[in-house]
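>>> quick one: sequence plus predicted model below, questions after.
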Amino acid sequence: MTNRDKFGFRPIPLCDGHIHITFAHPIDQTVQMLTDTMTWYDCERIAILSLPQLSAEKNDPQQNHKVLYCKSVMNDARPDRAVYAFGNIYHRRDGTDTAGGYLAQAKALWDMGFDGIKIFDGKPKMRKLLGRRLDDPIFDDFYAFLQEKDMPVTMHLGDPPEFWDIHLVSEYALQAGWFCDETYPSLEQMRAEVLGILDKFPRLRLTMAHFFFLSQDLEACEELFAKYPTLCFDLTPGGEMFENFSKRPDDWRAFFIRHADRISLGTDTYNYDLHDDLADYGANADFVRTNLVRRYLEGTAPFEHPYLGTLRPLSLDDQTLTTIYRGNFIRRLGNPRAVNFRAAAEQLDAPGISLSDDTVRYEDDERTALALDNFRVMQTYFSK
């Protein structure tokens with residue numbers, strides 16, 4: 001039994017373009033977790049997106065290599081499936097970041113065999129910490145290289161608009177520290193910065209995660225798709241997305257059918273343990289992101305969500321679903337690029353990444369010991 005069998009979803013394989021390695025596990029345990037995830041959710045392909053700067057407070061300098069390791073090991077083990085790796089850039093944040101440095105990172109990621117780039121600097125706390133516009137000229141050579149190589153980019157920009165309004169932000173978001181006061185750039189400014197990137201690099205293949213946090217404004221989405229022909233959105237929740245779609249389900253259904261080739265599946269799934277009995281996982285479909293997306297796109301009748309209220313699904317046809325679930329992913333990424341072991345091994349010794357010289361430490365000794373173990377596993381693997 002798989003998740004599709006358990007909940008009666010359409011018999012369409014998934015290509016999930018938005019998966020992360022978030023939790024601290026031995027790297028080979030993470031490989032098994034992601035393998036189980038692909039099996040349970042009927043995923044024929046997944047893209048794992050690196051987050052070396054997990055938040056404004058926490059960094060994981062091993063992220064790029066962990067993502068690349070999982071891609072290589074999983075593709076060797078299961079050639080009937082395909083795993084892709086999206087790398088990310090590091091910021092020194094000490095005044096020494098340069099245009100040449102960012103370009104060098106892009107070239108290194110390309111040489112290592114990454115399939116795309118993940119940009120997380122548009123997360124409000126990250127953008128505030130970055131201290132410069134996302135379309136600052138310091139990034140021009142970086143984006144010019146990605147455009148030249150036709151390398152796909154997935155970017156997180158913003159958060160739900162209510163996170164900027166103290167009267168609308170939820171208590172949960174407030175407690176999580178996601179409220180954006182006057183010290184943060186506005187959502188409108190950050191969106192303008194993303195469009196500034198596209199204005200300079202109109203052939204850049206850019207996908208905005210979380211539907212660009214524009215699910216409340218169908219007309220703005222239409223305008224953006226008309227003006228920027230390479231711009232796409234992914235469906236990674238934010239539950240507010242489905243609340244907003246449910247206010248105009250007929251209009252949004254028509255939008256999805258009309259622009260199916262600009263919308264792709266993403267779930268924000270992590271490396272979590274599905275346990276031995278996969279059929280027990282996700283017993284409540286409402287709390288699993290993959291199932292929430294599928295139930296909303298495929299469902300035919302309104303249903304109640306414990307946090308989002310009454311959701312009115314889009315009931316999309318099989319052709320539209322196939323384009324969103326897998327067609328766009330395959331068209332965008334093709335086959336996985338070959339991993340360059342030599343380049344990956346060399347980058348393991350790059351400043352700020354290597355854990356062999358006591359330069360990087362985590363929040364506690366146990367986490368540091370795990371990171372050192374993972375470093376040794378990857379060092380042995382990429383050096384063979």
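Arrived safely.
>>> what about the stretch 101-250 of the chain, any weak spots by pLDDT?
Counting by pLDDT under 70, the stretch 101-250 of the chain contains no low-confidence range.
>>> strands of that one, start to end?
Shown for the stretch 101-250 of the chain, the strands assigned by DSSP state E, counting those that start in this stretch span residues 116-122, 153-157, 206-208, 232-234.
>>> contacts for the third one?
Just to be clear, that refers to strand 206-208. Outside strand 206-208, the residues that touch it by CB atoms under 8 Å, 6 or more residues apart in numbering are 17, 152-155, 157, 194, 197-198, 228, 230-234, 264, 332. No exception for glycine: its C-beta is placed from N, CA and C like everyone else's.
>>> can I get the strands of the stretch 101-250 of the chain in JSON lines with mean neighbour count and distance to Asp140?
What follows is the strands of the stretch 101-250 of the chain, written out as JSON lines (neighbours: other CB atoms under 10 Å; distance: least, CB to CB, whole Å):
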{"stretch": "strand 116-122", "mean neighbour count": "24", "distance to Asp140": "14"}
{"stretch": "strand 153-157", "mean neighbour count": "22", "distance to Asp140": "14"}
{"stretch": "strand 206-208", "mean neighbour count": "24", "distance to Asp140": "15"}
{"stretch": "strand 232-234", "mean neighbour count": "23", "distance to Asp140": "22"}
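>>> tabulate those (TSV), appending distance to Phe179.
Below are these laid out as TSV (distance: least, CB to CB, whole Å):
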stretch	distance to Phe179
strand 116-122	17
strand 153-157	17
strand 206-208	22
strand 232-234	25
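>>> looking at those, which is closest to Asp217?
For these, proximity to Asp217 was assessed by CB to CB; strand 232-234 is nearest, at 12.3 Å.
>>> partners of the closest one in the sheet?
With DSSP bridges as the test, strand 232-234 is paired with strand 206-208 (parallel), strand 263-264 (parallel).
>>> residues in contact with it?
17-18, 154, 205-212, 214, 221, 262-266, 328, 332.
>>> check contacts around the closest residue to Gly196 other than its chain neighbours.
Nearest residue to Gly196 in three dimensions, chain neighbours excluded: Asp135, at 3.3 Å (CB to CB, 6 or more residues apart in numbering). Asp135 makes contact with Glu193, Val194, Gly196, Ile197, Lys200, according to CB under 8 Å, 6+ apart.
>>> what's the neighbour count on the fourth one?
So that's Ile197. 22 (other CB atoms under 10 Å).
>>> thinking again about what came up before, take the contacts of Asp135 and keep only those in helices.
Among those, DSSP state H puts Glu193, Val194, Gly196, Ile197, Lys200 in helices.
>>> next one: the closest residue to the first one other than its chain neighbours from Gln319, what distance?
Read it as Glu193. Spatially, and ignoring its direct neighbours in sequence, Glu193 is nearest to Leu134 (4.0 Å; CB to CB, 6+ apart). To Gln319, Leu134 is 35 Å away according to CB to CB, to the nearest Å.
>>> with neighbour numbers in mind, choose between the two.
Leu134 (22 against 11).
>>> got the contact list for the more buried one?
Ile119, Asp121, Gly122, Arg127, Leu157, Met190, Glu193, Val194, Gly196, Ile197.
>>> okay, those residues in JSON lines with distance to Ile89 next?
As requested, the contacts of Leu134 are exported to JSON lines (distance: CB to CB, whole Å):
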{"residue": "Ile119", "distance to Ile89": "8"}
{"residue": "Asp121", "distance to Ile89": "8"}
{"residue": "Gly122", "distance to Ile89": "13"}
{"residue": "Arg127", "distance to Ile89": "14"}
{"residue": "Leu157", "distance to Ile89": "16"}
{"residue": "Met190", "distance to Ile89": "18"}
{"residue": "Glu193", "distance to Ile89": "16"}
{"residue": "Val194", "distance to Ile89": "16"}
{"residue": "Gly196", "distance to Ile89": "18"}
{"residue": "Ile197", "distance to Ile89": "14"}
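>>> for Leu198, see how far away the residue nearest to Gly196 is.
Noted for Asp135: a distance of 9 Å to Leu198, by CB to CB.
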